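A.B. asks: Mind folding the following:
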Amino acid sequence: MEEKNALIQLFSNGQMTPKELELVLSGYEKVYYQKGDYILEEGQTAKEYYVIESGFVRSFAIDYEGNDITTDFHNTGELLIQVVSFFLQKPSEEYLQALTDVVLWRTGIEVFYQHFNTIENYSDWGRTWMVNNLFQNKQRSLSLVKDAAKDRYLHLLEHRPEIFAYATLQQIASYLGITNTSLSRIRREVAQ
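C.D. replies: Model prediction:
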């Protein structure tokens, strides 16, 4: 069980009993992806979700003009899931791509629902995760509407500095909802 540290950290909310935690952990298997690999592609239906043991992943979609737009970044210790595709069993509108070599723990939808429906503390954990994720997504969408580009950049730099180590400037610019030129200008201003 010691090799599943990323899982233990994620599920350590103090509520699962050791037996419940052991049962939940037994439903995961370790998988590996290399830098550049697609974990999920647009049009595929997500039949599993992951916990990132190590590495860095981005979510992105292709807009109506064919541009690659980064929608999120995912780091070590985080849940990696395409929520709409997984829960509604619909084809994904996003890609999940490894920006580094990644080690993931994978569980399938059947195992997820079995545990969700039989382990109350796991269900509670899942609902809490979903509420937190909903809150974060709402804050991000409001920020894109209300905050100046420079403020969004500074917030990202302060709260998620690891992104700058793994993502390209183009990926960061698209995530911030700005052009590459605007990002370059903001970076120059901040550096002065």
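
A.B. asks: Please count neighbours and contacts with C-alpha atoms only from this point.
C.D. replies: Fine.

A.B. asks: Find the residue at the geometric middle of the chain.
C.D. replies: Closest residue to the average C-alpha location of the chain: His74 at 3.7 Å, with C-alpha atoms, centre = their mean.

A.B. asks: how near is that one to Gln192?
C.D. replies: 30 Å (C-alpha to C-alpha, to the nearest Å).

A.B. asks: what do you get for Ile109?
C.D. replies: Counting by C-alpha to C-alpha - Ile109 and Gln192 are separated by 50 Å.

A.B. asks: what about those two, which has more around it?
C.D. replies: Higher neighbour count among Ile109 and Gln192: Ile109, with 16 against 5, using other C-alpha atoms under 10 Å.

A.B. asks: residues contacting the more buried one?
C.D. replies: Neighbour list for Ile109: Lys47, Glu48, Tyr49, Phe86 [criterion: C-alpha atoms under 8 Å, 6 or more residues apart in numbering].

A.B. asks: Can you list phi and psi of it for me?
C.D. replies: Per-residue torsions, Ile109: phi -60, psi -40 (degrees, to the nearest 10).

A.B. asks: How about Glu48?
C.D. replies: Backbone torsions for Glu48, taken as degrees, to the nearest 10, come to phi -150, psi 160.

A.B. asks: Please report the number of neighbouring residues for the closest residue in space to it that isn't next to it in sequence.
C.D. replies: Using C-alpha to C-alpha, 6 or more residues apart in numbering and skipping the chain neighbours, the partner closest in space to Glu48 is Gly108 (4.1 Å). By other C-alpha under 10 Å, 16 other residues sit near Gly108.

A.B. asks: What's the separation between Gly108 and Tyr95?
C.D. replies: From Gly108 to Tyr95 the distance is 18 Å (C-alpha to C-alpha).

A.B. asks: Same check on Lys4?
C.D. replies: Distance from Lys4 to Tyr95, by C-alpha to C-alpha: 26 Å.

A.B. asks: Comparing those two, which residue is more hemmed in?
C.D. replies: Using other C-alpha under 10 Å as the criterion, Lys4 and Tyr95 rank with Tyr95 on top: 22 against 15.
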